[in-house]
Structures are given as structure tokens and as C-alpha cells.
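Chemist: no FASTA, just this:
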């Protein structure tokens, strides 16, 4: 399913570079490759060795930096950048990253991908001590924690502070003479190190950003690590040894770009395997004529499903390439006429056919209902839906905005009920074990859940939930756990 | 290949509606589905039964109509709209369509997809008679021709004028109480009639625009026809019977959206068959590991090629979804670093593999060179290129901006030379007869070239070239015809 | 009264230069000095000796040329520019001048200040001959007339065409190698010639534009003259000798900038004399404490009135300097609270005082009513109003948008009635003979009405009204002529 | 001299309202009347009784609120607003006020007009305690001081904090259920209380803002007072009794709008008296023909000077009303041509005359030099300059950006030297005692300097300078004090 049209929203991409001429322009192109991780805002903070410079705004990267001058002012050989997804209401300019904090003893830039599970508690504690926050973002917490540790040197203060924050996080910090990168103890979010042809270092959310700027992949950042890059080069340190790998499985299922490689696994290949295993677990009906995928994020899984079943892989849905923000909405009357702006069914392909449609996941289910309606209107005789991930039943607390179980179709309904609601002839999901097997994380061989976080599917979170614990338990009173 | 990144540029989409509440809003959504036909400008002219209203501007449709008020002012139950591709320099606001002409005896709106081959001659003749043109566009010619016929009624004047214009054209005209649509005698451009659920009529460049607004397909407009829609419904008339079907084959190869159906042929299916026949004519090497397509326009042909060869169809290239206009360009230094904004090779797929890449066409060849470089840098062992259309050797005069043979790689080089220039292990093209067979136009069975224009491949134009004749002949002195 | 807040709107300023490096930039600064003549749109057309270049848009000059690049593209040593006032509804981009017309035999730029009284008739005649107009502006007529004269050389065609147009006009035309300027046979509008320090020539609506760019005043353009400036310098020709000087008196009363000199008379000085003569004709009451003017256009007359009466000249009203376009309007409730955005009464000056307020004219009367209310709310004991021009009773057809008598307060009401409606203790107007005496045009000594058009005050138009004749007569049936 | 063209820049206007429907819209119109106090940015924070809402941006008020929706979102019956002047480099969005701080125990909005003299010291102290600042503005200090006082209730914490801040300040604070206003112990800045017709209360920088929204003047806020407005009405409290009235004399000389009344004195009247006393102290030469003022801020003083001397008061300079931000600058060549965009001399008035020009002050002197050049080029025989304030010799630390003595013409040069540099036949300044006498502050009768701050003229600051002390003393080493 395309990034624009779903209920499940990814959160943020980060990119940092040190020791490279034109650092902010390089960051611009790196962020461009990460734009799928966030479309609500973007920004860059650069260091010229003495001062830090910032530019950020709402919108897509290309909208934020419409004016080359805004980029040119971000001088220096080091920079960090951020693309942001923000839920409505929190999308004020003050929340757009990277943040830039100015202190009498030196400026600090800060960019973050993730979600702190003890942010509410920490913020309250800090406010009671007199802290004044400038955003509603979790991210700002880190700088307050660091600054509270007066007397400690910056690196020590940073390490202690990282131990105080809980949840899933990938932080980049920029000071005038160094770039810092830190990953949470479970490695929920991907974060990789690269090196440019001229010897500068890069830290980025995904390898596709390294490819985009012609940088060589060095290695993934590991859970609990703290990377320091300065004029002496790359230093790999750590702030904790209490780590347990639990990469967010949604990165493989939906978030990451198919060409990215996370912990040794190419995302496209993982998705194709998900489709293949799904075909074994939930075979196509005997009379199926073809397999189609939902562009763009489900195409890999759909081709894997087709290959495994031997059915033709067809283009039964196409996505309009021009779905940029539009302020014109169809009226109710037009909606009934059938105005569709994003996806179209290809009548010439599906008419009179029995179709297996493969999607990567079902969150709220509203898009699935529309897709099926569209296919049937285009003449599809039967529609069988196969989902290349398990039913999404539990909230996601580490960097996605689905923290309310009541929004999750699979939390409220059995698969049989979902099949009826969506209006398909059959519906099948990948199993949790199938998912783990498809991703096949080399580092996760001997780890629980294969080194992945699959809590959204089985409710077993790898860490305490802190601030969310109570909400979480509460949600089960309202919507009892149902498995079928 | 994606519409944004090629040298061969399509020209314009048109959409008209009569007898429908909220006509301009419906037109907006219809144009949205036609956006792939032109991204440089857009506009709508509506009729409220008394007066015509216009709004147009440079940019994508969503940029032009950023402000709902601009659409709301276009009141009435009839409207015509246009999306425009414009070559640089001619892209002034005065050239953005639909045009609106105000006369003491009634306003006329005008939108056009095509290219008149006798425009220069006609304009000069008209100017000598005192005509003052407001644009540099061919399109304006028609209204001057009509207005010169004082004394004749509008319909007669229109018919005579249509006989005076030569080339490929699909015109929409709007008057306060009627919508007119006319197609050239060869039917170069697609143009279809649809009907909305509430009984209004639509004329549009492609059926995908009918689907987008939930309208039912009625029939294709035929060469030489003049369609009139007014309060009494749909009237099918004609301005000439001297017709000879010769649909532009590039519509099937590259221009049209895969879900559109042109003269009974679904574009995706035609492309898939092109891939299939290409596989017979230009088989894959024995050691090939996979087939990949260039997103998005070559994916259909690539899947056809894969299916015919039995090779796996893989996602070896992905397209960045966020390639909206950017004003930030990589510096030369960054370009050498490898900054790529639009397409990326998927290393995890192609590394160490022998790859067959299928593209829809080669025009200038610059993109092909880059694509191959990208695949090799991502580790592809061998790259074999297959093109799902014949070598593009002759200029296109009916609505595309390639009128200069010297820009065409295949006009200057043999296939063997092209293979070396592009840097592939092998290169093969579809034959002209294969193309005709793949499209398999039902109406074209007994027609020359199967009812298609394939002049770009074989130099045989279905009509005299008028103003272009001399340029055309000249070009062969500079670049002798080479066939190999 | 300030230009922004009245009912009577001026129309257009023109500026042309030939033989000067950076011609378009010079034109920009010349137009800046003429901005008071039109705020709805602006544009420049330049000639580089071969081609003409155009940029124009809606808004103030500084808004239109926000981007230096738009000005830089207007290369060459000759340019014409225009600032436009447009009545609502006619303010489409197509009407923004200068126009640029492209012909096979050379481009023509065209800018105009004035109003043609036979435009409707001419347009109809031309349309019947097949002409297609691109704007709803009078101005475009001239180029059609010229182009109809195929066979004649440009200069002859221009002269004949100028004789075919009736009304008040000041035209600038630019061709690749010459600049032309023509004034109507009555010289309704001001138009002056200047010379830059480096020897280039300028033609502009007012001398203030010459001062603004450091150019020396050469002489006024005279009625019926046709000025040609080319590489051989300045040529003064004429297209008619049937001339009769009748300068628009509103230029002196209200339109022109106070520092401009029109036909030898400094506007500020004329206004001051209007105030002086007004004091003799309509003396201040015995108990008056002070004279105040309405900023900015009435300050000259008010100071003349104060000087003649010996009363103190005070700042009883001030104008907010920041009244740029605002899209936020007071709600009705706030309006009742008293929200005033443009003018404020100075309580500390007028409280408890008997005030004589001098204004330049009363058109619709709405502003006068508000002003008096404001002064009384600020504590003024008595308000006596003196108007430094005669009652405005007849429509203005030569370049102002008041062509409807029913909008004119003085057409519908006697002075006594007006006094009551406005709510002042007394009201007095300057006489027509006082106005003529105050302006004291040297060239007008032996001419009817002193060489001025005063038709708005006495109904005697210096020329036939052509297209307006019928409307004019009709208006007297609705509102009988009343003089008191 | 006009606000746009001088070296001496005012700082900020504030407006707050409580208990009024449409509070943010009322604030918009109030700020509009205060726009002369700051043009670099504007914003409004409103309270709907539960939550606070903010909108702010760079630019003039009308630019910031181009979109009515941005204002409509600021719901509620209480609001504070701010217009800001910012020195270049500090004009980032983060510095635009009002600030909005969100805390677990309630939001706080903050707007400020003034300058804290111990801001650097306080900020460093707070940062050492772990504080993180979001702006580079002094203003933010107050909220950090308040929040440090955990355990104290808000009002007590505010009072203690106000005692910790030094300098000149007028603060507005908004909480969900109350509006607070505080003035520094010297009352440097004007701040007044008003009441709307429907009973709501207003606090604003100047009375002109009350007039603009139809509110009744209640009284001036006095030094050391703390005003609280909540659902129970208006409460007047104080945070210190250690007060000493010392109103900034520049408010009367130049900053404030002429129609405002500060501590009982109408600004226009004070300026007129400055002109009158100046005429006694520095009479016009015997052969002077006229007095002219520099529009707009010197017109009051000039008319006072003219009245006292009996010389005619003439309009020798006019100001272009359209000097909105322009991005087009004259080239050096054009500058030499004489391109002038803001002020013009009226040749018809000054030619051949001996002119006395009255200006309100001389700061850097650059504008004076240009003005005189302009008058002489327009033909003035002699130019005599009279300044309606004393020589500006010492920096201003309480809210203006002139803190560097080296920029002050009168700090570096004697009056005789200035006369030569400016190029006038004579030059004279008002004395400090003349200034005090002209303003004639009722509350200042028995106070030092008549209750005014005149330190810019005599170097005697009413308070210690704190952070500026050292810079101040340093400046005398570089530029020794000169009095003549």
C-alpha cells in the first residue's frame, strides 16, 4: 500500500554527515532518499566548525528548500537532517527537527527517529524542576537531561542521559566539532554508518540514503552503541551493554524502502519471501486467475506470492503518480460518482477474473474496503485477499502513531468478521512464525522472535511500557483480546 | 521509464463535461487522472449557461488549484479542462489552455491536444489579413479561422475550419450552451465519450479519466468526427469523410496510462504483449538470472517479457515517489559522489546477477546510459537491454517535441553502436511488425500498419508534413538515414 | 483624501525609456514614482534590439517584481512600463499591461493611460471582420487597427489608427528599434519627455518619474503629437492638427503627485491656490479654531486655506502608514466597536474645538460621512467642511471609473442636503471659475475653461461622447440635473 | 523622518484583551494601530478558557495574517499580540512573539516591549542550572525565572521574578483564565489600560490602539504596577514600590504615533511645542522663505516651528506612499542617475528659496546628508536645518538597537562639524531643558528631568546599566565625550 494512503504512519528519517564539503547539500540528497519516512516537515542543521546554522519548515523536503539560498546559508563540513511525520495537531513549526539549542558554552543540534515510552514522566519531572520546553516532541527531552548534568563533560552527560530515556530511539546530535549517533538498547529503528568517496562519514536511517549519495556502507549501528565522529575519524563507543536485539518488524513489512538493507537483509527480498511463505500458509483458491499487488509497498510480496503459486503476476491496480497534496476535495455527490484520486483498478486486466490481491498489512481496514469495491466495480468476479503480515492487534509504541487499539480492525474483529467487512471471498494472513522466517535476520538466529519486535501481532513487548502501561491495560477492558 | 525523466515528452490531456452539476469540480478530478499527459500547466473554462469563466496557471493541477475559491468561481454545468506539456520558452501563461475568447456575440473556450502541421503557414496568412495572436500556440489558429467565416453559422464555420487545419488534433470547444469535440482525420490522438451516472456527457483524452469520475464508457471518437453535446444530448456529426485511421503508436508504447482502453485495446495488455513478442524476437541470453523493468512505464512490458521467457520478474530498480520539482541541484562534486534522485538500483537484487532490463523506448539515450551505470555499480554482472518498441529514428510531428532527428540516438547510430554507447552486453528492439501485432487494433485489421502511425520507426508519415516538410528533408542531409 | 480610500479611482501610469543601459530597471524605478496612478497590476516590456520581453502580474509593483530574476530577463536598452488601476471583474492577468504582441514581421509592446470613448463600436466592427481580442481592455484596439492596415508602413498605419480612436489617451508603443508616444487631441492626460544624464530619452505620465530617476525635464507632450525615439534620437511628429487643449482638471485636484509639474504648473502649488481661493469664496466661520486637511491628498489645499484665513493649520487626522492590502476584515460587531484602519482623528487636537476640514473632492460621499463621525467622536465641537473643487455632478469618461451618475452624491443632492447627510455644521465648494483661476494654466489663457476639462462639474464635455452618449442622456432621465 | 528610513529603530508594540468576543480579531486591529512600533514580525496568542493558541510569523501584520483561517483558529475571549522590530540576524521565527509555553500545569503566553539590562547575566545563571532557551530574546528570561520558583503560586512567582529583571520593560502574560501586565519601575515604555463598549479590558502600548478599536481610555499603567484582568474584572497590584518615573523621551520625539496620549500628553502637541521652543532657541535666519518638515514624523515639530516664526509652512518634501519592501535595488549606475524611492523634493516649492528644514532627530546622519543633497538638486538656494531634539550622543539601552556610540554622529562630531558634513548653511538643536519643557509631563513636575529619560542626550542613566556597564565605559575610551 502506498505511504500516502494508509492509517499506519511511519515516523521520521535521520541523516548526518561529518567531514564533507557541501555537507548540507549532501544531507539534502540523503534526506531525499528518506522522504518516504516522513512528509510533514524537514530541516537541516549544519556546523561550520564554530557556529551551527538551522533551516526547517513544514512540507516535503523540496517544498522546504524551495529556495537555494536557504540551503546555502547552512555552511560547513558537518550537518544533520531530518524528515518528519507528524500527527495532526502536533505539526507546528516548533516540532520540526533538527532542533537547534544555543548555549553560552556551545550550540547543539538534535534529530531523532523513534518514540520514548517514559517521555511524559520525564517531562513532568523536568518541568517540576523549572524546565521550559519549546516543543511537544519527545526528542527535546534528551537535551534537558544532558543540560541538567552540569559538571559532567558532554560525552558522559550524554551517556547517562541515554540510559534515562526508554523506548525506541535513534538520535543524532551535532556540536561544532563532532557528530554523535545513538541507538536504543533494542535497536528498534535501523541506523547505518557509511563513508563517502572523499573519506567523510555518514550516519543514516537506511542504506538507500547511502546509495543516493554514492557512499559506501560501513556497518549497521548496533543496539546500545554511541557513535562519535570528529576530526580524528569514527569512534564506536557504547552507553550500555544491557542490550537485546528487537528490530521493528514493520520496517521490513512496510516502512523501509525495498532497496534498503537492514542488518544484512534486503527489504525487497524479505518481502518477497513473506509473499512466498504466505502462499504456502494461505494458498490461492484453485480457480484464481492472477495475483495482483497494491502499489507500491505490496508489490514485492505480491510477486513472491505469484512466483510461489505459479499464478500470473498482473498489474490490476495502478497508482496515480501525481497525488501531491491537493486542497480540492470531491463533494459527497462526486464521491458517489466514484471520484478516486490515488489508485485505479485496471478493468482490462481484472474484468471477469478471479483475483488474489496481496497487501502488506491491514491497520484500520478502510483502505482495504475501498480497494475491493474498486476491483469489483471494474468487473472482478472474485477477490481473495492475502496479507503478508499477521493480524495487527496490539498498539505500536516505538515510533508509530497507532497507540489506540480501538482503531485496529484486527483488534476488534476476527478474521472471519474482517472477511465479511472487507467484502472478499477469502482472507488470509501470514503467521508470526512465517514472518520471522521470511525476514530471517542473521543476527537474530538465537534470539527471541528472531531478533524482531512482533508485539503488534502477539502483544509481547520486549521492554516495559512505562507511560503507556496503563493505557495499554485499559484498552483490554474496552476491547478484550480476541484471537481466532 | 517514468514520465518525468525522459527526453520524449507527451503533449496535453483534455477533458470536457456537459450537463452535470459541479462541472468544474468534476473536470478537476478528470484532469487529475490525465496529469501524466502534461505537468507544465493546467486550466478549466466553465459555462454557467450565460457566461464562460476561466482559471489557468503554470504547474501541476494541484498547484494551479491550490485555492478552492479559484475552482468555486468556475460555476455552471459545463466545463472543459486541459493539462499541458510545454517545451521551455513557450511556457508562458498566455499559452496555458483552455483559452477563453470573448466576442460580442458570445464567448468561446478552446482546449487542444495535438500539433498542427500547417500552423506556421496559416498564422502567417492570418497575420497578413490583420489577425493579432495572443499566444504562440497552434491551438489559437482554430478560433481565428472560425471567426474569419463571418456570415456562416458557428457549426458550419467550425467544420470548414477543421478542414483547413492539418496534423494531429483533438479539439474541445465550449460555448455557453454547447460542448464540441473534434478529432483529426487520422485519429492520431485518443478521445473518448463517456456518460455520468446522472446522465451528463464527458469527452476525454483517455478512459482512465472516465473511470476516475465514475462515468461509463460510451465509445471512442472516430477520425473526422465532430461531437456536439447540448441540452438535447449527444449528437455525432462529422466534418470530413476523408479519413484514414492511424493512431499514434506511442500512446500504446509510452504515453497513455496502462489502465486506459484505446480503440478497444487495454494499454497494459498491449504493453505486456509487446514484452512477450520482444522475448520471441530478441530472446534473453541463456545465463540471464532475471528480468527487470524501468519503473513505471516499462513494468508492463517487462512482466510480459519475463512471463514469455520464464525468467523471474524482479524489482531491480525502484523509483523515488517524491521527485516533485526540486530547485536544489547536486553540484558537480556531488554528482561525482553519485547523487541520484529519481531511480535507484536494488543492490540486494541485482548484485552478482545477469540482468535483462526492459525499457519501453530509447529516445536520446542519456537515461539508458545512466541506468546501466547504476545497475553495474550496484553489482550487476551483466546487463542485457531489451526495448519494447522499434528504434526511434524519425521525428514526431503530431504532438511531441521531438522534431529534430539529431537528438535521436537511433537516427545517428546503428544498434551495435548504441549497445556500446549504452554499455550493455546485448541490446535488442521490437520489430515494427511485432509492435503492430502486439497492439492488435481491432479497427486496424485491414488498414496500413494495422491502423497505427509508426512513422517514428519507419519514416512513413500517413499525411503530408506541410510546414515540417523542408526541415524533415534537411535533416537527412545532416544525418543520413541509417538502417541496420 | 488618500488614494486607497476613495470612490474615485485614477487610471494608470506609463513610463518608457530608449537608449539607456539597464532600461527595465530604470523603468521599474520610474513606475515606482507613478504607483499612485494604479495599484492593481504592473508590468514591463523591454527590447534588446532584436526581441521583446515581457513580465507583468497583478499587485503593486514591488509585489509583481518580487524576484529580481523576473526583471533581469527583461534585457535591452529600451523598455515601456505600466501601472494599472482596474475595476473589479476586469482585473484578470490578460488585462495587465504593457501588452506584448508577436507577429511574423516583428513584436510590438503597448501601454496606455486613458479611456477610448468609441471602443465598443470599434471592437464590434473589428470582431465582425474576424478579429480575436485577448483582453477586455480598450487598449488592445489600437494594435488591431494598426494591423488592419496591411500595406501601409508602421508609422503611417499608426497615425491613421490614432485618428480612428476617440477619447482621452496617452499611448506608448515599443518595437525592437523604436519607442513611440502619442497623446490625444485634447491632451486629457499628462505626458512628459525627459532626458537621462547619459543621453537616453524618457516618456512618462508625470515629471515625478523623471525626478525619481534623475532625468532632466525636456517638455510636455502636446495634444495630437506623436513622439518617436530611436537610435537617431528624439523626433516630434503629429498625427493630427485638429487639437484643442483640455487637460483633465482632476489631475490637479487629486490624481497627480504634488511634486509633479503639468504644463508648467506645480500640482502642490495649484492645490494650495485652490485652498486660498476657496477661503475667499467659502470663508471659515468666525469661531473656527483651526483648519485641518484629509491626509494625504488634501494637505496642500488645507494649508492654502489656513494661510488665507490666518487660522492655525493643525494635524487633526492622521493616516496609518501600514494600510497595505489586508484580508482580515472587521466583523459587524467590531465595526460597531469602532475599528478604523486607515485614518484616525487626533483627540488631543480636535477635542472641544470648532474645526474646518478641507477635502479635495466629494464623489460618493461615504468617506466624508465617516470622517465627520470620527472627528465628532474625538470631541470636535463643530465641523465645517470645505471642498477644494466644485460639486462632482457629471460622469467622467476619459479614464476614471465613475461613469454612473447615480453614484455621485452631488448629482443626487443639493449642497444643503449634502450638508445634512454628511452631518457638518456648514459645507462649501470651490466654484468652477475659482478652480480654473487656481490652476492658472499658462497654455490655457485664451482657451475655453482655461484649457481644462471641467465637464464633471458643469456637464460640458470637450468632445462628442460616442459610445457613452446614450448612457449619458439616459442618466438624466433617472436623475434630473440639479443645480443650486 | 519616516519610520522606514532611519537608523534609530523602535522596538515592539503589545496589545492584550480579556473578556471580549472575537478577542483575536480585536487584537489584530489593535496591533494594526501599533504597526509603527515594529514591522519585522507579528503574532497573537489567544485563550479559549482551556487552551492557548498561537500564530506568529515574520513580516507586517497583514502579511502574517494573510489567511483568515490562521486568525480564526485563535479562538477565545482573551488574547495578547505583539508587533516586533528585530535587528538583522536575530529575526528568526523563534524570536517572534508572543511566545507560547506549554506546561503540565497550564500554558503561558508572553509578549514584551523593552530591553533587559541584566539579560546576559541572568541567562548564563539559568543555563548553568540546566535551563534550555528556545530563542535569543531577553523576553524568554521571565518565564524561566517564574518556573524556577516551584512551590510559589503563579502571582507570587511573577512578582519575585519581575524584581529580578532590570531595564525597561512592559510585559503581557496570558494564562487560560487571566491576563497580566507589568511595567518596569521607571516606566520607560508607555502602557495603557482601556475598556471596550461591552466591558472587556485592554492593555496596549499606546492609546491609538484603544481608539482604533473604539475602546475608552481608563488610565496609564504606572511604574512598578502589575495589572491582573480575569473574570472578576480589573485588579491593580504592584510588585515593587521602589519606583522612579523616567519615561523614554524618544517616545515623544519620534516613536509614538502623534495621536497617542502618554501620561496625559498628546504626542503631536508635544512635538509642536518642541518646534515652537526650538524656534526660540534656534531662530530661523532673517532671509528664510519657508519652513518644511521631513514626512511624516517631523511634520508636527515643523508646523510648530513655522507657527512660532511666522514663516510659511510648506510641503517641500513628499514621501512615496508605496515603499513596501522591494527586492529590486538600484544599481550603482542608477544610483548615480539619482534613483530615489522614498522621499522627493518638490522643485516647484523649493526652487530658488531659502529653506528651513525641521527634523526630529539625527542619529547616524546619513539620511540628513541625502535630504539636503536632494533639496539642493531641486534648486533650494539655502538649506538651514533645525532638529527638534538635542544631539543624540549616548547609547540607548532600554529597547532600541543603538548601543554603539561610534554610530552616533553627534557622539563623534561637534555641531559645527555636523553642519559641514551635512552640507547645510546652519544647524541648530533643541536643548535638553527645552525638550523637557516642551513635553511638560504633568506627573513629572517635581521629578528629575521632568520624569523623563534623557540619557541619550546627557549620559545620565536613571538606573545602573548592568551587563552594558562595561561596554559603555569602553566606548568612551574609543570616542571621548565631546560637548560643545
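Modeler: In hand now; what should we look at? Treat the numbers as computed from the prediction; the structure is a model and nothing was measured.
Chemist: got the contact list for residue A:35?
Modeler: Residue A:35 makes contact with A:13, A:60, A:61, A:83, B:320, B:321, B:322, according to C-beta atoms under 8 Å, 6 or more residues apart in numbering or on different chains. Backbone N, C-alpha and C define where each C-beta goes, glycine included.
Chemist: how much space between the last one and residue A:119?
Modeler: What that stands for is residue B:322. Residue B:322 is 29 Å from residue A:119, where distance means C-beta to C-beta, to the nearest Å.
Chemist: Repeat that for the fifth one.
Modeler: Plainly put, residue B:320 is 32 Å away from residue A:119 if you go by C-beta to C-beta.
Chemist: Of the contacts of residue A:35, which belong to helices?
Modeler: Among these, the ones falling in helices (DSSP state H) are residue A:61.
Chemist: From the contacts of residue A:35, which land in strands?
Modeler: A:13, A:83 (DSSP state E).
Chemist: Can you say which of the contacts of residue A:35 are buried?
Modeler: Buried by 16 or more other C-beta atoms under 10 Å in any protein chain shown: A:13, A:60, A:61, A:83, B:320, B:321, B:322, out of the contacts of residue A:35.
Chemist: re earlier: please tabulate the contacts of residue A:35 in JSON lines, including the columns pLDDT and distance to residue C:260.
Modeler: JSON lines is the format used below for the contacts of residue A:35 (pLDDT from 0 to 100; distance: C-beta to C-beta, whole Å):
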{"residue": "A:13", "pLDDT": "96", "distance to residue C:260": "60"}
{"residue": "A:60", "pLDDT": "89", "distance to residue C:260": "50"}
{"residue": "A:61", "pLDDT": "93", "distance to residue C:260": "51"}
{"residue": "A:83", "pLDDT": "95", "distance to residue C:260": "56"}
{"residue": "B:320", "pLDDT": "86", "distance to residue C:260": "58"}
{"residue": "B:321", "pLDDT": "81", "distance to residue C:260": "58"}
{"residue": "B:322", "pLDDT": "81", "distance to residue C:260": "54"}
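Chemist: out of the contacts of residue A:35, who's nearest residue D:208?
Modeler: Among those, residue A:60 lies closest to residue D:208 (C-beta to C-beta), at 43.2 Å.
Chemist: OK, contacts around the closest one?
Modeler: Contacts for residue A:60 (C-beta under 8 Å, 6+ apart) come out as A:35, A:39, A:42, B:322, B:324.
Chemist: ok, residue A:49 touching residue A:76?
Modeler: Yes. The pair formed by residue A:49 and residue A:76 meets the contact definition of C-beta atoms under 8 Å, at 6.2 Å.
Chemist: Neighbour count for these two, which is higher?
Modeler: Set residue A:49 next to residue A:76 and count neighbours by other C-beta atoms under 10 Å in any protein chain shown: residue A:76 wins out with 22 against 11.
Chemist: Of all the residues in the stretch 351-484 of chain A, which one is nearest chain B?
Modeler: Relative to chain B, the nearest point of the stretch 351-484 of chain A is residue A:378 (7.7 Å; C-beta to the nearest C-beta).
Chemist: Report the buried residues of the helix or strand that contains residue A:71.
Modeler: Per DSSP states H and E: residue A:71 is located in helix A:68-72. Across helix A:68-72, burial judged by 16+ other C-beta under 10 Å covers A:70, A:71.
Chemist: Any part of that helix near chain B?
Modeler: Yes. Counting by C-beta under 8 Å from any C-beta of the partner chain, chain B is contacted by helix A:68-72 at A:68, A:71.
Chemist: and residue A:200, what does it touch?
Modeler: Residue A:200 touches A:17, A:18, A:19, A:20, A:23, A:77, counting by C-beta under 8 Å, 6+ apart.
Chemist: nearest to chain D, of those residues?
Modeler: Of all the contacts of residue A:200, chain D sits closest to residue A:23, with 20.8 Å by C-beta to the nearest C-beta.
Chemist: Touching, the closest one and residue A:76? I think so.
Modeler: Yes. Between residue A:23 and residue A:76 there is a contact at 5.9 Å, judged by C-beta under 8 Å.
Chemist: For the residue of the stretch 351-484 of chain A closest to chain B, which non-adjacent residue is spatially closest?
Modeler: Distances taken as C-beta to C-beta, 6 or more residues apart in numbering or on different chains place residue A:345 nearest to residue A:378, at 3.7 Å, with adjacent residues excluded.
Chemist: per-residue confidence at the one you found?
Modeler: On pLDDT, residue A:345 comes in at 94.
Chemist: Quick one: residues contacting it.
Modeler: By C-beta under 8 Å, 6+ apart, residue A:345 lies in contact with A:316, A:317, A:374, A:375, A:377, A:378, A:380, B:211, B:259.
Chemist: so how far is residue B:409 from residue A:361?
Modeler: In terms of C-beta to C-beta, residue A:361 sits 43 Å off from residue B:409.
Chemist: For those two, indicate the residue with more neighbours.
Modeler: Just comparing residue A:361 and residue B:409: by other C-beta under 10 Å the higher neighbour count belongs to residue A:361, 26 against 21.
Chemist: With that, I have no additional questions.
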